[in-house]
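Asker: coordinates only, sequence not included:
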Ligand code: PHE
């Protein structure tokens with residue numbers, strides 16, 4: 001019996017060395033040291049042994065048990081460690097890899113210029129008034145003192161819808177009377193930004209769509225001096241403190257008198273360069289005192305109220321400011337252009 005025990009012991013040790021996974025170790029334990037394992041069963045064989053040999057056999061069984069348990073514990077720790085290392089290597093997450101840089105967008109040059117303009121007029125107490133791109137003939141023309149057949153309509157080639165009375169605004173002035181009707185009888189200080197549309201040949205200098213920012217002030221005792229003061233201050237804040245302005249007489253059906261404002265060239269300081277075509281001046285906007293007919297359409301009595309209006313093109317201003325020589329870049333979605341801003 002003792003020889004059987006010794007050979008069991010040897011074989012169990014050999015098998016333990018071959019067990020190289022948690023599962024194999026569990027199987028091994030069940031077969032040898034478990035409640036029904038062969039060593040455990042050996043201790044029940046005491047009855048089959050000569051009484052004189054029993055103490056020796058009992059001691060030896062215990063020694064074998066302890067020795068195998070110790071070997072098993074060591075082996076288990078070793079296998080667990082190896083399995084853990086393997087799992088770490090297999091499921092490795094390299095936290096030192098640099099992340100992917102998100103593509104950051106920038107503001108479109110039109111947006112930049114428009115926000116600059118909003119801020120300046122905002123500081124002067126003007127609110128933004130939004131009106132729609134799709135307008136009626138009244139809004140775009142009639143209420144601006146351009147009745148049907150008025151020759152000034154020819155200057156703005158218009159996109160009409162199938163309904164002749166519904167069109168895409170050719171200028172933000174189309175919002176003037178809407179703002180007046182909403183504010184009446186309160187005084188008004190608003191700017192009206194938005195996209196305008198003209199059915200024109202697309203060239204380096206003209207697009208079929210472009211932004212405008214309109215300004216409108218209505219109240220008591222508003223004079224041409226207020227117009228000049230406001231717009232001169234605006235030009236200094238947008239183009240620099242040293243800029244000069246000049247007002248040239250002009251014509252718009254919805255303002256009287258009308259003018260165009262030039263600002264002294266900021267590139268050459270009015271000495272003359274390619275940007276200002278050697279005139280020293282850059283044309284920036286159209287303006288004038290709101291025509292009495294327009295005030296009336298807006299609900300304001302021209303004997304009591306007066307006002308001024310102006311309109312400018314942010315793309316044109318952006319072209320001057322950033323030296324962009326072709327207006328078609330603005331809506332071409334060319335990243336090589338857009339990334340420069
Ligand atoms: N609406 C005019 C244009 O598109 C600009 C303008 C606005 C002129 C307001 C005078 C007053 O050319």
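Answerer: Received it, and whenever you're ready, just let me know what you need. The structure displayed is predicted, hence computed values, not measured ones.
Asker: and the residue located most distally from the centre of the chain, backbone torsions?
Answerer: Here the centre of the chain is the reference, and by Cα atoms, centre = their mean the most remote residue is residue 52, at 93.3 Å. Backbone torsions of residue 52, given as degrees, to the nearest 10, read phi -70, psi -30.
Asker: Please report the residue range of the longest helix in the protein.
Answerer: Longest helix of the chain, by residue count under DSSP state H: helix 54-90.
Asker: Any idea what the residue of the chain found nearest the ligand is bridged to?
Answerer: Closest residue of the chain to the ligand, Cβ to the nearest ligand atom: residue 311 (2.7 Å). C-betas here are computed from N, CA, C, even on glycine. On the basis of DSSP bridges, residue 311 is bridged to residue 214, residue 286.
Asker: Tell me which residues touch it, please.
Answerer: Counting by Cβ atoms under 8 Å, 6 or more residues apart in numbering, residue 311 touches 171-173, 212-215, 285-287.
Asker: Kindly identify which of these also come near the ligand.
Answerer: 171, 173, 214, 286-287 (Cβ under 6 Å from any ligand atom).
Asker: Tell me the one of the residues you listed nearest residue 224?
Answerer: Closest approach to residue 224 among those (Cβ to Cβ): residue 287, at 9.6 Å.
Asker: returning to what we had before: ok, the ones next to the ligand among the contacts of residue 311 vs residue 230, which is closest?
Answerer: The closest of those to residue 230 turns out to be residue 287 (Cβ to Cβ; 9.4 Å).
Asker: what's around that closest one, how many residues?
Answerer: Other residues near residue 287 come to 25 when the count uses other Cβ atoms under 10 Å.
Asker: Show me what counts as buried in the helix-or-strand element of the chain with minimal mean pLDDT.
Answerer: Ranking every helix and strand in the chain by mean pLDDT, DSSP states H and E puts helix 38-43 at the bottom, with a mean of 84. By 16 or more other Cβ atoms under 10 Å, the buried positions in helix 38-43 come out as 39, 42.
Asker: Please tell me how far it is from the chain's geometric centre.
Answerer: 76 Å (Cα atoms, centre = their mean, to the nearest Å).
Asker: what helices or strands is that helix leaning on?
Answerer: In terms of contacts (3 or more Cβ pairs under 8 Å, 6 or more residues apart in numbering; DSSP states H and E), helix 38-43 is packed against helix 2-18, helix 22-32, helix 54-90.
Asker: Of those, which stretch is the most buried?
Answerer: By mean neighbour count, with neighbours taken as mean count of other Cβ atoms under 10 Å, helix 22-32 ranks first of the helices and strands packed on helix 38-43 at a mean of 15.
Asker: domain ranges for this structure?
Answerer: Structural domains assigned to the chain are 2-90, 109-338, following automatic domain parsing.
Asker: Between the ones you listed, which has the poorest mean confidence score?
Answerer: The stretch with the lowest mean pLDDT among those is domain 2-90, at a mean of 89.
Asker: hang on, the earlier thing: and the longest helix of the chain, how far out from the chain middle?
Answerer: 63 Å.
Asker: C-terminal to that helix, what's the next element?
Answerer: Sequence-wise, the next helix or strand downstream of helix 54-90 (DSSP states H and E) is helix 109-123.
Asker: other SSEs contacting that next one?
Answerer: Going by 3+ Cβ pairs under 8 Å, 6+ apart, helix 109-123 lies up against strand 188-197, strand 209-219, helix 224-239, helix 314-322.
Asker: Going by neighbour count, which residues in the next helix or strand after the shortest one are buried?
Answerer: Same thing as helix 314-322. Next helix or strand after helix 314-322 toward the C-terminus (DSSP H and E): helix 335-338. By neighbour count with 16+ other Cβ under 10 Å, helix 335-338 contains the buried residues 337-338.
Asker: From the rest of the structure, what touches helix 335-338?
Answerer: Outside helix 335-338, the residues within contact range by Cβ under 8 Å, 6+ apart are 106, 108-109, 329.
Asker: ok, the residue positioned nearest the centre of the chain to residue 336 distance?
Answerer: Central residue of the chain (Cα atoms, centre = their mean): residue 105, 6.4 Å from the mean position. As for residue 105, its distance to residue 336 is 15 Å (criterion: Cβ to Cβ, to the nearest Å).
Asker: go on, residue 210?
Answerer: Counting by Cβ to Cβ, the gap from residue 210 to residue 336 is 21 Å.
Asker: for residue 274, same thing?
Answerer: According to Cβ to Cβ, residue 274 and residue 336 sit 23 Å apart.
Asker: can you check residue 95 too?
Answerer: 36 Å.
Asker: ok, which residues in the stretch 151-300 of the chain are in contact with the ligand?
Answerer: By Cβ under 6 Å from any ligand atom, the part of the stretch 151-300 of the chain that sits against the ligand consists of 171, 173, 214, 252, 255, 286-288.
Asker: Please tell me which one of the ones next to the ligand among the contacts of residue 311 counts the most neighbours.
Answerer: Neighbour counts for those (other Cβ under 10 Å) peak at residue 173, which has 28 neighbours.
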